[in-house]
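Asker: Show me how the following folds:
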Amino acid sequence: MNTTFRFCPQCANPLAPISRMEDGGEKTRMRCAQCDYVHWNNPTPVLAAVVEVGGQILLARNAAWSGRMFALITGFMEAGETPQFGIAREIKEETNLDTSALDLIGVYEFVRQNQIIIAYHAVCTGDVVLSPELAEYRLYDPQNIKCWPAGTGYAMADWLKSRGHSPTFVEWPKAS
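Answerer: Numbering: from 1, shown residues only. Got it, this is the predicted structure:
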């Protein structure tokens, strides 16, 4: 249970893990004992794109990341936009590329971040100009991409399979 949400937004009293009967049985959620507010802590939808430019795949490194990992273009939906519009907007904001075609790859869980990833294949054109959010990018031939064993890495693997490639995964060090 995510306990970072600590105070009630309605009455400012502390939230506490309180169990109550719900449709599916007893469920413990962060609740306000004073006004009965419930913090649902539902997963956040995140958009992701396998960005194809001139037959190659663009992977980028986030400026906030330590290390040299490159990944898909991702971002959050804005209120009032469709997932398709949202990912095309994110691609434009982060890379300056224009999206000419979008196809849904799939929907993936990312439990560690309490997110649901909606992944697309985006065919794009234009000149890459990175936003300050991204430090650098690389273009890869699809057959040379190594997938990562988490969220968007599974979307990449599914996209590679749909194109006739056998995805390989990098091995991450085990937590000690």
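Asker: How are the helices of the chain distributed by residue range?
Answerer: 83-95, 151-162 (DSSP state H).
Asker: And the ones you listed: which comes nearest Ala119?
Answerer: When those are compared by CB to CB, helix 151-162 sits nearest Ala119, at 3.5 Å. All C-beta atoms are positioned from the backbone trio N, CA, C, and that covers glycine.
Asker: what about that closest one, distance to the chain center?
Answerer: 13 Å (CA atoms, centre = their mean, to the nearest Å).
Asker: for stretch 70-77, same thing?
Answerer: 6 Å.
Asker: For that stretch, list every residue counted as buried.
Answerer: Judged by neighbour count (16 or more other CB atoms under 10 Å), stretch 70-77 contains these buried residues: Phe70, Ala71, Leu72, Ile73, Thr74, Gly75, Met77.
Asker: Now go through those residues and say which are in strands.
Answerer: Under the assignment DSSP state E, the buried residues of stretch 70-77 contribute Ile73, Thr74, Gly75 to strands.
Asker: follow-up on the earlier one: make CSV from the helices of the chain and add mean pLDDT and mean neighbour count to it.
Answerer: Formatted as CSV, the helices of the chain follow (pLDDT from 0 to 100; neighbours: other CB atoms under 10 Å):
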stretch, mean pLDDT, mean neighbour count
helix 83-95, 98, 20
helix 151-162, 96, 20
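Asker: mind checking which of these is nearest Cys124?
Answerer: Nearest to Cys124, of those and by CB to CB, is helix 83-95 at 6.2 Å.
Asker: one step back: list just the nearest of the ones in strands among the buried residues of stretch 70-77 to Cys11.
Answerer: Of those, the one sitting nearest to Cys11 (CB to CB) turns out to be Gly75, at 33.4 Å.
Asker: Please name the nearest non-neighbouring residue to that closest one.
Answerer: Leaving aside its sequence neighbours, Gly75 sits nearest to Glu90 (CB to CB, 6 or more residues apart in numbering; 3.5 Å).
Asker: who touches the residue of the chain most remote from its centre in this structure?
Answerer: Note on the chain: the largest C-alpha distance from the chain mean falls to Gln34, namely 35.2 Å (CA atoms, centre = their mean). Taking CB atoms under 8 Å, 6 or more residues apart in numbering, we find Gln34 in contact with Cys8, Cys11, Asn13.
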